[in-house]
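J.: following is a predicted model, sequence given first.
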Amino acid sequence: MRTAPLVAVVLAAAGCAGASSHVRADASRYPVSMSGSVRDGSGRVVASSRLERVGGYAEAYTAWAMIWTIVPLANRTHDVSEALNAQVQAARGEAVVNFTAVARPCASNIFTIVGVLPGCTDVELSGDIVRVRPEAGAAPSASAAPSGGGPALASLPSEER
Amino acid sequence: MTRGPLTILAVALAAACGTPMATANFRGVHNPVLLGPRERLGDAKAPPAASAKVRDFSVEAFEAFTQTSSYAPGGSSTTLSASTAARLPAAALRATGGDPALDIRITDLNPKSKGNIAGYRVAVEIEADVVRPGGKP
């Protein structure tokens, strides 16, 4: 009977649980950058000193799969556009920078039985909602650009790094 | 149950409670690293500007935990190994060569994890294009 526990461990080790997810922002109305940089309407990188943080974007979900992670059950593809648009609009921001994706394995993954039971991955997304400050000496109308950016932003002078 | 499997189970449970994670962002990079169709501030209804692809870019942040056990007459031993997250900003800098005129456009952002009682691997894989907005490569 000494081999029974070993066989059980080998069977458990033969299992493999987890999940994979693809994050998209296909309908985002705002620029989303995983760095701290974003370009203005004229194509120049906006100086970080002109980016004012007006809020934070955050969203979390769990992706599920089973049968050695081959069969997706939930959130195989996750589009952040709706939540992101709503949060940026509520904060009166113009873009999201420092967008960050964090993946964590679910603790339940180690209990899969030869890969059959569902496994999951916890995904946390976050970022800084920013608005562009007008440069010193800029026309007052430029600072009154509407949320989500407007044509006036294209004329804002920017500093290219 | 013998001590060996119990040790393995205890280590696996400890790893599960240790909240391993992979974090991906490009803080400190001067080039925009874009997800989604909006490339710049401005009119959200404007069509995307033309751009020229310069090269492919692929990178991942990951953390891994594996263990091996050997059974000897005197008992068992367990070895742990872990890999830390890749340095994404440095990879982005290499991809752009420090050229501030280039953007990185993400084509696939893929958080994932896979594991079992013997270990796990958690990662955020990123596939992207390095592009020159409105220009030639």
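T.: Perfect, thanks for sending it. As the structure is a prediction and not an experimental result, all values here were calculated from the model.

J.: can you pull out the helices in chain B?
T.: B:3-17, B:88-96 (DSSP state H).

J.: likewise for chain A?
T.: Under DSSP H, chain A gives helices at A:3-14, A:81-90, A:140-143.

J.: just the buried residues of the longest strand seen in chain A, please?
T.: Under DSSP state E, the strand in chain A containing the largest number of residues is strand A:51-66. Neighbour-count burial for strand A:51-66 flags A:51, A:54-55, A:57, A:59, A:61, A:63-66 (criterion: 16 or more other Cβ atoms under 10 Å in any protein chain shown). C-beta here means a position set from N, CA and C on the backbone, and glycine is covered the same way.

J.: distance to chain B added to the residues you listed, as CSV?
T.: What follows is these, written out as CSV (distance: Cβ to the nearest Cβ, whole Å):
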residue, distance to chain B
A:Leu51, 10
A:Val54, 14
A:Gly55, 16
A:Tyr57, 12
A:Glu59, 12
A:Tyr61, 10
A:Ala63, 7
A:Trp64, 11
A:Ala65, 9
A:Met66, 12
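
J.: any chance of these in a markdown table, plus distance to A:Thr77 and pLDDT?
T.: Below are the buried residues of strand A:51-66 laid out as a markdown table (distance: Cβ to Cβ, whole Å; pLDDT from 0 to 100):
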| residue | distance to A:Thr77 | pLDDT |
| --- | --- | --- |
| A:Leu51 | 30 | 92 |
| A:Val54 | 29 | 95 |
| A:Gly55 | 26 | 94 |
| A:Tyr57 | 19 | 95 |
| A:Glu59 | 14 | 95 |
| A:Tyr61 | 11 | 94 |
| A:Ala63 | 9 | 87 |
| A:Trp64 | 13 | 86 |
| A:Ala65 | 12 | 81 |
| A:Met66 | 17 | 75 |
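
J.: how many residues are close by B:Asp56?
T.: Counted with other Cβ atoms under 10 Å in any protein chain shown, the neighbours of B:Asp56 add up to 11.

J.: same question, A:Asn109
T.: 27.

J.: and it, what does it touch?
T.: A:17-18, A:119-120, B:16, B:113-116, B:120 (Cβ atoms under 8 Å, 6 or more residues apart in numbering or on different chains).

J.: which one of these is nearest to B:Ser51?
T.: B:Ser113 (33.2 Å; Cβ to Cβ).

J.: ok, now how distant is the closest one from chain A?
T.: 4 Å (Cβ to the nearest Cβ, to the nearest Å).

J.: ok, residue 105 - contacts?
T.: In the absence of a named chain, this looks at chain A. A:18, A:120-122, B:16, B:20, B:113-115, B:120, B:122.

J.: if you could check chain B rather than the one you did, that'd help
T.: B:Arg105 sits next to B:34, B:39, B:51, B:128-129, B:131 when contact means Cβ under 8 Å, 6+ apart.

J.: A:Gln87 now?
T.: Contacts for A:Gln87 (Cβ under 8 Å, 6+ apart) come out as A:55, A:57-58, A:129.

J.: rerun that using 6 Å as the cut-off
T.: Contacts for A:Gln87 (Cβ atoms under 6 Å, 6 or more residues apart in numbering or on different chains) come out as A:Tyr57.

J.: then B:Val122?
T.: A:103, A:105, B:20, B:22, B:63, B:113.

J.: return the closest of the residues you listed with respect to B:Asp99.
T.: B:Ala22 (27.9 Å).

J.: circling back to that earlier point, dump the contacts of A:Asn109 into TSV; add neighbour count, pLDDT and distance to A:Val80 as well.
T.: Formatted as TSV, the contacts of A:Asn109 follow (neighbours: other Cβ atoms under 10 Å in any protein chain shown; pLDDT from 0 to 100; distance: Cβ to Cβ, whole Å):
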residue	neighbour count	pLDDT	distance to A:Val80
A:Ala17	31	76	25
A:Gly18	28	82	21
A:Gly119	30	80	23
A:Cys120	25	86	19
B:Ala16	20	49	27
B:Ser113	31	87	19
B:Lys114	22	82	23
B:Gly115	28	77	25
B:Asn116	22	70	30
B:Tyr120	23	77	25
